[in-house]
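**Q** Here is my input; please provide its structure:
(one chain, ligands or ions: 1)
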Amino acid sequence: MTVTEPVRTEQKTLRAQAREFAGDVLAHVRDVTDPLPTPTERYRATRPFYRQMVEAGFLRRLVPQALGGDGTGASTTAVLAEELVAGDPSVALHLFSTGLGLTPLLRAGSAAQHRQFLAPFLATTGTPLASLALSEPGGTANLDQPDPGTGLEVGLRTTARRDGGDWVIDGEKHWVSHATGWDGDGPDLMTVVCRAGADPDPRRSTAVLLVPGPIGGLTVTEILEPLGHRAHLLPRFSLADVRVPSSHLLGEVGDGLGIVATSFGGALIGACSAGVMRAAFDVALQFARTDRRGGLVPVVEHQGVGFQLADVKTRIEAVRSLTRAACAAVDSGSPGAEELSVHAKIFGSEAAVQTLVELMRVVGVDSYGHHLPLAGLLQDALAYPLFSGGNTGFRRRRLHALLADPSYDPWSTVED
Ligand SMILES: Cc1cc2nc3c(=O)[nH]c(=O)nc-3n(C[C@H](O)[C@H](O)[C@H](O)COP(=O)(O)OP(=O)(O)OC[C@H]3O[C@@H](n4cnc5c(N)ncnc54)[C@H](O)[C@@H]3O)c2cc1C
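**A** Below you'll find the model as predicted:
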């Protein structure tokens, strides 16, 4: 897609605004959250930071203009993600998890559902949260696996049954961002992926239901202690007899797999990966240019260190370029969009982990503590290959399926 001048100007303005916000606001998150002993306390302490993101209009950026927001596509969202993640990966993830929670509604909701559920997320006040509840204890990599009738529990195990004019949801979920809400009774909106009806084929039975908070039948059974994203809250919870009217179904029963497949945007993880690498690169470059470690010259003058930094910078630019290409393909509706998005997710996330390890080697032993941000950023980056569709169980399978499809055109990714 040719980037028009107004779009380029909009992205430049947004980048400057988000970078300033990251420096002025997000750079202080860890000072507030790191001393707090529990994930719940850390999460709740981020609420004022989240409020400021909403007030800055960043949440409205995740809702397309056609639906009343300020969103202008994947390329602009990627600019926002890269800048905010470079400021603080946890609180940036708060914002993009709410975006993820809204995506099924934005993509598959009816006009009436948009009117009913979107209003709090279009305001520039408050701290509205949405969450997409897919992941389940026992795994979701095989959610498209048909039930073979062996009695083994396969695929998705959360169910929705009809009762009069309602759907009634029962099941267990885990690792779902914002599922607790700020106070433990759920987010403002939870989109729950489940199996509706007895059809053993998930292509006909997977459904997505809109559940507004507070959610009466939600019980938090455990707060997980993640390695990174220490101020983000990831619970395990059950949904028991959660009742919503039939009008809360997105699309039709059977649309669920398609909705899930298009909701976890791969290119966005490429942008987050670029953000985390940038934050770490700044720290390592500053160290290498200013610290002599008791020698005669700054560390960067040693060829081995200089080469490592050069290689890392090449990789960061490669991830940024690939992400830009993927986003441009998404925005223009190019046939190569899905493949490029998967590449951006896999390559970007694995590059981020590799880069963090290499930058820690540049800085040496002082990187192995939390007085510098590198160890924390590595902990954050380790999530990227695992979440939003794990690189092995979900993303590589998707790429494999594309390659094996007889109608696959490997160069549909080449833009004119
Ligand atoms: C910070 C963070 C935030 C998250 N936010 C959310 C959220 O908001 N909503 C949500 O629903 N989830 C969320 N999650 C959870 C996460 O997105 C998913 O649970 C995860 O992507 C599931 O992928 P998985 O591949 O590990 O699946 P699993 O089913 O747990 O599979 C585990 C492993 O088994 C192997 N495997 C299984 N089946 C196959 C197969 N058929 N082929 C090849 N390999 C296979 C693979 O090695 C795979 O990695 C979050 C997680 C984190 C860390």
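**Q** and the stretch 201-350 of the chain, which residues reach the ligand?
**A** 226, 229, 232, 234 (Cβ under 6 Å from any ligand atom). Bear in mind the C-beta positions are built from the backbone N, C-alpha and C, glycine included.
**Q** what about the nearest residue to the first one once chain neighbours are set aside, neighbour count?
**A** The shortest distance from P226 to any non-neighbouring residue, by Cβ to Cβ, 6 or more residues apart in numbering, is to L234 (5.5 Å). Neighbour count of L234, defined by other Cβ atoms under 10 Å: 23.
**Q** could you list every residue that touches L234?
**A** Applying Cβ atoms under 8 Å, 6 or more residues apart in numbering to L234 gives the contacts 39, 174-177, 223-224, 226.
**Q** returning to what we had before: which one of the residues of the stretch 201-350 of the chain next to the ligand sits in the busiest neighbourhood?
**A** H229 (25 neighbours).
**Q** Surely E153 and G138 touch.
**A** Yes. Between E153 and G138 there is a contact under Cβ atoms under 8 Å: 7.2 Å.
**Q** Which stretches in the stretch 301-416 of the chain count as helices?
**A** When assigned using DSSP state H, counting those that start in this stretch, the helices of the stretch 301-416 of the chain occupy the ranges 303-332, 337-363, 374-381, 396-404.
**Q** wait, which of the ones you listed is closest to R107?
**A** R107 sits nearest to helix 303-332 of all the helices of the stretch 301-416 of the chain, at 12.4 Å, using Cβ to Cβ.
**Q** name the helices or strands packed onto the closest one?
**A** With contacts defined as 3 or more Cβ pairs under 8 Å, 6 or more residues apart in numbering; DSSP states H and E, the packing partners of helix 303-332 are helix 74-87, helix 266-290, helix 337-363.
**Q** Helices along the stretch 1-150 of the chain, start to end?
**A** Using DSSP H, counting those that start in this stretch, helices in the stretch 1-150 of the chain cover 5-24, 29-33, 39-45, 47-55, 74-87, 89-108, 111-117, 119-122.
**Q** Dump those helices into CSV; add mean pLDDT, mean neighbour count and distance to V297 as well.
**A** Output for the helices of the stretch 1-150 of the chain, formatted as CSV (pLDDT from 0 to 100; neighbours: other Cβ atoms under 10 Å; distance: least, Cβ to Cβ, whole Å):
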stretch, mean pLDDT, mean neighbour count, distance to V297
helix 5-24, 94, 14, 30
helix 29-33, 96, 17, 32
helix 39-45, 98, 19, 41
helix 47-55, 98, 18, 40
helix 74-87, 98, 26, 29
helix 89-108, 98, 24, 33
helix 111-117, 98, 14, 60
helix 119-122, 98, 17, 53
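**Q** what would the ones you listed look like in TSV with distance to the ligand?
**A** Compiled in TSV, those are given as follows (distance: least, Cβ to the nearest ligand atom, whole Å):
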stretch	distance to the ligand
helix 5-24	19
helix 29-33	15
helix 39-45	11
helix 47-55	15
helix 74-87	12
helix 89-108	5
helix 111-117	17
helix 119-122	16
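**Q** so how far is stretch 163-183 off the chain centroid?
**A** In this view, stretch 163-183 has its centroid 19 Å away from the chain centroid, taken as Cα atoms, centre = their mean, to the nearest Å.
**Q** List the buried residues of that stretch.
**A** Neighbour-count burial for stretch 163-183, counted by 16 or more other Cβ atoms under 10 Å, picks out 166-182.
**Q** again with stretch 129-148
**A** Residues of stretch 129-148 classed as buried: 129-136, 140, 143-144, 147 (neighbour count, 16+ other Cβ under 10 Å).
**Q** Can you tell me which of those is closest to L250?
**A** L132 (11.4 Å).
**Q** before we move on, the earlier item: just the closest of the residues of the stretch 201-350 of the chain next to the ligand to the ligand, please.
**A** When these are ranked by distance to the ligand (Cβ to the nearest ligand atom), H229 comes first, at 4.7 Å.
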